[in-house]
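[1] prediction below, plus the sequence it came from.
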Amino acid sequence: MNLLLLHQNFPAQFRHIAAHIAADPAHKVVAIGDAGNLKRATGLHPRIELRPYPAPPPAGTSSHRYLQGYEAAIHRGLQCARIASQLKAEGFRPDLVVAHPGWGESLFVPDVFPAARLILHAEYFYHANGADVGFDPEFPPAADDAFRLRIKNTTQLMSMENAELLLAPTRWQQSRFPDIVQPRIRVVHDGIDTRLVTPDATARITLARAGITLGEADEIVTYVARNLEPYRGFHIFMRALPALLRERPKARVLIVGGDQVSYGSKPAGGKTWRQMLQDEVRGQLDPARVHFLGRIPYADYLRLLQISTVHAYLTYPFVLSWSLLEAMSAGCMVVASNTAPVAEVIRHGENGWLADFFDHRALAEMLAQAIEQRAQLIPIRAAARQTIIDGYDLHTVCLPRQLALLQTRTS
């Protein structure tokens, strides 16, 4: 089989599919992605051929703001079509194209390879209500968000027209897509490597700046996000810390995440969300017990989960983070926001605890309670891991299901 993968941040959700298929010399795998992101990609299978495209130029100053993202998508689509045409001239004919439709890469490739099957990653379809937009009253939506989001979805809709199948990671994410494509959507998660992400009572982390080494015996509260921002409840978590640290005077908080913005808007005034929230709680907590680690290597991240006494995961109703499932696979005691799609995975009192997203006082109490009752909560931690093994394991559940869907023609 000849496989063509399109993702501006490759490998992203396609890492395991790409590696598995590339491992067989009978197959040829080519991936097209943003040049800057491909340079940063690590751990790729050596038989995956990478074809980079340059980042799109900034939108014209005269462009309507609704169209700026769409203009970038067209640039990306044209770059991918150009590379696809080069591949075609070299004799490459994909049997299957797998793409993320959100950034435009898949817009024109079906015109270059009309005989290839197109399968899309159905990550998220935007709505003006009922999900992330308008969820948090602290950050009310703009009056014209419904108009803006309708245009934002256009790129996906155009790609979905040519797609044979769409793969959604969760049932809730599937539910956000239009009725017209629902019959073509299958639910299968990207997968968690539960052989790699496991509990380890011997794990340790050294915080060089603080001059300390921490392990399972310590009181450790963990929080992880790609970037520290409201979409992942960072503001709620920070507001919970003063009460939590008063209640647990030996607890330390380890926070992983960058200072950019992945979702939503930047804060006003030029500061980062971390700086804004640190200013808000300044004087209310001991900064020597709250450790901002930034973005850390994956091996360090796994050790952080393994030493966690309690892990906080908060999110708007939005894309479910890998970090939640990895925390559960590592046997963490998770206190998470009672938001979709979190409630699709966590059953309160069985494999974790659910808290009201907006109630930072209740969150502080639950985190403190989880530390206090750590011995009694061992069955919940075990159930969390079993949930991931049973429903989200990469090797036994998700990858076999993905491969079966990729290899079975539906029309």
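    Perfect, I can see it now. Residues are numbered from 1 along each chain as shown.
[2] what residues sit buried inside stretch 155-162?
    Along stretch 155-162, these residues count as buried under the neighbour rule (16 or more other C-beta atoms under 10 Å): 155-156, 158-160, 162. From N, CA and C alone the C-beta is placed, and that goes for glycine too.
[3] looking at those residues, which one is closest to R239?
    Q156 (34.9 Å; C-beta to C-beta).
[4] just give the closest residue to K88, not the sequence neighbours.
    Using C-beta to C-beta, 6 or more residues apart in numbering and skipping residues adjacent in sequence, the residue nearest K88 is V112, 6.1 Å away.
[5] ok, W273 next?
    Excluding the flanking residues, the one nearest W273 by C-beta to C-beta, 6+ apart is E229, at 5.0 Å.
[6] pretty sure R186 is in a strand, no?
    Yes. With DSSP: H, G, I helix; E, B strand; the rest coil as the criterion, R186 is located in a strand.
[7] contact partners for it?
    Residues touching R186, when contacts are defined by C-beta atoms under 8 Å, 6 or more residues apart in numbering, comprise 165-168, 405.
[8] which residues sit in contact with A330?
    By C-beta under 8 Å, 6+ apart, the residues touching A330 are 197-199, 302, 305-306, 308, 385.
[9] what is the neighbour count of the closest residue to it other than its chain neighbours?
    Excluding the flanking residues, the one nearest A330 by C-beta to C-beta, 6+ apart is L305, at 3.9 Å. Neighbour count of L305, defined by other C-beta atoms under 10 Å: 26.
[10] so L305 is in which element?
    L305 is part of helix 298-307, with elements assigned from DSSP states H and E.
[11] hmm, back to that, just checking, the residue nearest to A330 touches M328?
    No. With contact defined as C-beta atoms under 8 Å, L305 does not reach M328; the gap is 9.4 Å.
[12] what segments of this structure are helices?
    15-22, 35-40, 65-89, 109-112, 145-152, 154-160, 171-175, 234-247, 273-281, 298-307, 322-329, 360-372, 378-392, 399-407 (DSSP state H).
[13] who are the packing partners of the second one?
    So the one you mean is helix 35-40. Judged by 3 or more C-beta pairs under 8 Å, 6 or more residues apart in numbering; DSSP states H and E, the packing partners of helix 35-40 are strand 48-53.
[14] what sits up against stretch 165-185?
    Defining contact as C-beta under 8 Å, 6+ apart, one finds that stretch 165-185 is touched by 13, 117, 119-127, 131, 157, 160, 163-164, 186-190, 317, 319-320, 340-341, 344-345, 402, 405, 410.
[15] what about stretch 211-230, start to end distance?
    According to C-alpha to C-alpha, to the nearest Å, stretch 211-230 extends 30 Å from its N-terminal end residue to its C-terminal end residue.
[16] hmm, I typed the wrong one, I wanted stretch 11-29.
    With C-alpha to C-alpha as the measure, the first residue of stretch 11-29 is 12 Å from its last.
[17] next, the buried residues of that stretch.
    Using 16+ other C-beta under 10 Å as the burial criterion, the residues of stretch 11-29 that qualify are 11-22, 28-29.
[18] closest to Y392 among these?
    H16 (12.2 Å).
[19] ok, now which ones touch the closest one?
    Neighbouring residues of H16 by C-beta under 8 Å, 6+ apart: 190-191, 394, 398-399, 402.
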